[in-house]
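**Student:** here is my input; please provide its structure:
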Amino acid sequence: MTSTLKTDKIEGVTASGTVAMPAGVVIQTVDFTHSTVVDTNSTSFVDSGLSGVITPKFSNSKIYVNCYQHFRLSGDHDHGVAFKIIRTVGGSDTTVYTPATSYEYYLYDSTAESVEDVRLDRFPIFTVDTPSTTSACTYKVQYRSMRTNNNNLASMQHGSNFSMGFIMEIAQ
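**Tutor:** Numbering: from 1, shown residues only. You can find the predicted model right below:
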């Protein structure tokens with residue numbers, strides 16, 4: 001015996017946001033990319049240009065944020081870069097991911113500042129957030145350079161390479 005359930009919309013009896021979804025169910029996903037070069041060699045956190053927006057359907061949902069930030073790190077001596085993720089709701093910023101160490105990606109060149117070292121990579125960043133809202137949430141990646149001397153430079157989306165990410169709302 002085969003049963004088929006067809007529907008165009010699921011709504012709660014008393015209100016549209018009252019449907020009880022099983023814990024762990026993916027409610028929605030959003031994917032995003034960015035390929036505009038950002039060449040800021042700041043030792044303070046600045047926007048990388050990569051961001052995505054999700055409007056949670058339920059205020060108790062968990063939000064999984066996965067980003068793959070493309071970068072080029074170069075210099076004549078050791079250098080590093082750190083990343084963090086900021087959530088913005090209604091103009092208010094909250095840091096939802098902070099690096100566990102000062103610089104998550106680090107290179108050391110033992111040539112005593114005589115040869116440029118260049119690295120290109122995509123750094124994976126993952127965090128889980130509980131924004132407790134049904135308002136639009138913008139998640140953006142920021143970065144900072146370890147230093148600005150010795151010809152060191154951190155460049156995001158270098159050569160117009162893509163950074164990318166996706167956001168999932170998970171029922172609780």
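**Student:** rest of the way, CA atoms for contacts and neighbours
**Tutor:** Will do.
**Student:** I'd say residue 152 and residue 75 touch.
**Tutor:** Yes - counting by Cα atoms under 8 Å, residue 152 does reach residue 75; the two are 3.8 Å apart.
**Student:** who has more neighbours out of these two?
**Tutor:** Using other Cα atoms under 10 Å, the more surrounded residue of residue 152 and residue 75 is residue 75, with 25 against 21.
**Student:** which residues touch the more buried one?
**Tutor:** 116, 117, 118, 150, 151, 152, 153 (Cα atoms under 8 Å, 6 or more residues apart in numbering).
**Student:** and the next helix or strand past the lowest-mean-pLDDT helix or strand in the chain?
**Tutor:** For the chain, using mean pLDDT, DSSP states H and E, the weakest element among its helices and strands is strand 105-107, scoring a mean of 80. As assigned by DSSP states H and E, the chain's next helix or strand after strand 105-107 is strand 117-129.
**Student:** counting neighbours, which of the contacts of residue 75 comes out on top?
**Tutor:** residue 153 (24 neighbours).
**Student:** and the gap between it and residue 65?
**Tutor:** 27 Å (Cα to Cα, to the nearest Å).
**Student:** same question for residue 100.
**Tutor:** In terms of Cα to Cα, residue 100 sits 17 Å off from residue 65.
**Student:** compare neighbour counts for those two and give me the winner.
**Tutor:** residue 65 (24 against 10).
**Student:** what pairs with whatever helix or strand that one lives in, parallel or antiparallel?
**Tutor:** In this structure, residue 65 sits in strand 62-75 according to DSSP H and E. Here strand 62-75 has these sheet partners by DSSP bridges: strand 117-129 (antiparallel), strand 153-156 (antiparallel), strand 163-170 (antiparallel).
**Student:** point out the most buried one among those strands.
**Tutor:** Stretch with highest mean neighbour count among the strands paired with strand 62-75: strand 153-156 (a mean of 26; mean count of other Cα atoms under 10 Å).
**Student:** any low-confidence regions in the chain?
**Tutor:** Applying pLDDT under 70 to the chain flags residues 15-18, 109-114.
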